[in-house]
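Asker: Starting from these lines, generate the structure:
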Amino acid sequence: MSRSGILAIMATLALTATVVAQQPPPEKTIKRVPIPMTSMADGAEMYTAYCAACHGKDGRGDGPAATAFKTPPANLTVLSAKNGGKFPELQVVTTLQWGPSASSAHGSKDMPVWGSVFSSIGDQAQTKQRIYNLMKHVESLQTKP
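Answerer: Numbers count the residues shown, from 1 in each chain. Presented below is the predicted three-dimensional model:
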């Protein structure tokens, strides 16, 4: 093969690589699925089923779905540290019940409103119990100073 033939092949490969490199990455989407049933008494089980995909197994905001959001999920392990060393129970319960507020450090409105989700699978007392036990599990994820 002549030198000009080799150069033509190399130029074609370089141009192809440039075109491929300029293609935008495929858009990531969040798959919405029906809520799995969990024990309302087990905060860790609920966290794994409902929260870990976004917030990560350990609550650091690094779950497998986290990269699909424009605003990353909150790092739940530093809630106490950001609140003067005291875990903000009421804020977490409110966020779980009604969703993140516009001023919330939680992040975007992409988070499901768990109060309404839980009420679709149980009565008001069961919904409150689920939210309380889930909040207590999030409290257990706090990093120690």
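
Asker: Going by C-alpha atoms from here, please, whenever you check contacts or count neighbours.
Answerer: Fine.

Asker: Quick check: what element follows the least confident helix or strand in the chain by mean pLDDT along the chain?
Answerer: The helix or strand of the chain with the poorest confidence is helix 3-21; it has a mean of 53 (mean pLDDT, DSSP states H and E). Per DSSP states H and E, the first helix or strand lying C-terminal to helix 3-21 is helix 43-50.

Asker: residues of that following helix that come out buried?
Answerer: The neighbour-count check on helix 43-50 (16 or more other Cα atoms under 10 Å) flags Gly43, Ala44, Glu45, Met46, Tyr47, Thr48, Tyr50 as buried.

Asker: just how off-centre is it within its chain?
Answerer: Mean-position distance between helix 43-50 and its chain equals 13 Å (Cα atoms, centre = their mean, to the nearest Å).

Asker: And the next helix or strand past it?
Answerer: For helix 43-50, the following helix or strand on the C-terminal side (DSSP H and E) is helix 52-55.

Asker: List of residues touching that next one?
Answerer: With contacts defined as Cα atoms under 8 Å, 6 or more residues apart in numbering, helix 52-55 is touched by Asp58, Gly59, Gly61, Asp62, Gly63, Pro64, Ala65, Ala66, Pro73, Ala74, Asn75, Leu76.

Asker: Lowest-confidence member of the buried residues of helix 43-50, which is it?
Answerer: Lowest in pLDDT among the buried residues of helix 43-50 is Tyr50, which has 94.

Asker: Contacts only, for it.
Answerer: Listed by Cα under 8 Å, 6+ apart, the contact set of Tyr50 reads Ile35.

Asker: got a winner among the contacts of helix 52-55 for most neighbours?
Answerer: Among these, the one with the most neighbours (other Cα atoms under 10 Å) is Pro73, at 27 neighbours.
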